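Q: using only what follows, build the 3D model:
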Amino acid sequence: MAHIAKLRMLLFSAFGPAIAVLLLFFFAGYVVLGSNGVLAWGDYKRQLHQAQGELKQVQAHRQELKNRVDLLNPRRVDPDLSDELIRRELGVVHHDEVIVPLN
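A: Numbers count the residues shown, from 1 in each chain. Okay, the predicted model is just below:
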């Protein structure tokens, strides 16, 4: 009977540290395998690289649009651009003109 009591006391005293070790393993596993863990870091780097490429494209397109806006400034309109826009919108083309689309 004394052995059973000692065994029961030993198991009861080991219960707390066992739970602590299990929690430690759980959190260590989450650090490695979790959604924000070490293994997800490579995917985040890939997403960052992709987003940076997309940012460069958007910045280039934004620069093109800024250039067109500057050319359409009401104080100093570029005559070639205004002529191009007017003819495109109104569909006014003379029969002897040749239109070369750039796109």
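Q: what stretches of the chain score poorly on pLDDT?
A: Low-confidence segments of the chain, defined by pLDDT under 70: 103.
Q: repeat the analysis, applying 50 as the threshold.
A: Residues of the chain meeting the criterion pLDDT under 50: none.
Q: which stretches of it form helices?
A: Per DSSP state H, the chain carries helices over the ranges 2-33, 41-71, 79-90.
Q: neighbours around the residue nearest to residue 31 when sequence neighbours are not counted, how many?
A: Nearest-residue entry for residue 31: residue 37, 5.5 Å, with adjacent residues in sequence omitted and distances by CB to CB, 6 or more residues apart in numbering. (C-beta placed from N, C-alpha, C; glycine too.) Residue 37 has 12 neighbours, counted by other CB atoms under 10 Å.
Q: residue 23 now?
A: Residues lying near residue 23 (other CB under 10 Å) number 10.
Q: domain ranges for the protein, per the record?
A: Domain ranges of the chain: 1-33, 37-92, per the TED database.
Q: these into JSON lines, with extra columns for distance to residue 102?
A: Putting the domains of the chain into JSON lines (distance: least, CB to CB, whole Å) gives the following:
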{"stretch": "domain 1-33", "distance to residue 102": "52"}
{"stretch": "domain 37-92", "distance to residue 102": "10"}
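Q: to residue 99, which of these lies closest?
A: domain 37-92 (8.4 Å; CB to CB).
Q: first-to-last residue distance for that closest one?
A: Domain 37-92 has an end-to-end distance of 62 Å (criterion: CA to CA, to the nearest Å).
Q: and that domain, how far out from the chain's middle?
A: How far domain 37-92 lies from its chain's middle: 18 Å, per CA atoms, centre = their mean, to the nearest Å.
Q: again with stretch 5-16
A: Distance of stretch 5-16 from its chain centroid, counting by CA atoms, centre = their mean, is 53 Å.
Q: OK, contacts around the residue nearest the centre of the chain?
A: Of all residues in the chain, the one closest to the mean position by CA atoms, centre = their mean is residue 51, 4.5 Å from it. With contact set as CB atoms under 8 Å, 6 or more residues apart in numbering, residue 51 has no partners.
Q: start at 44, not 1
A: Understood, numbering begins at 44; the last thing we discussed is residue 94.
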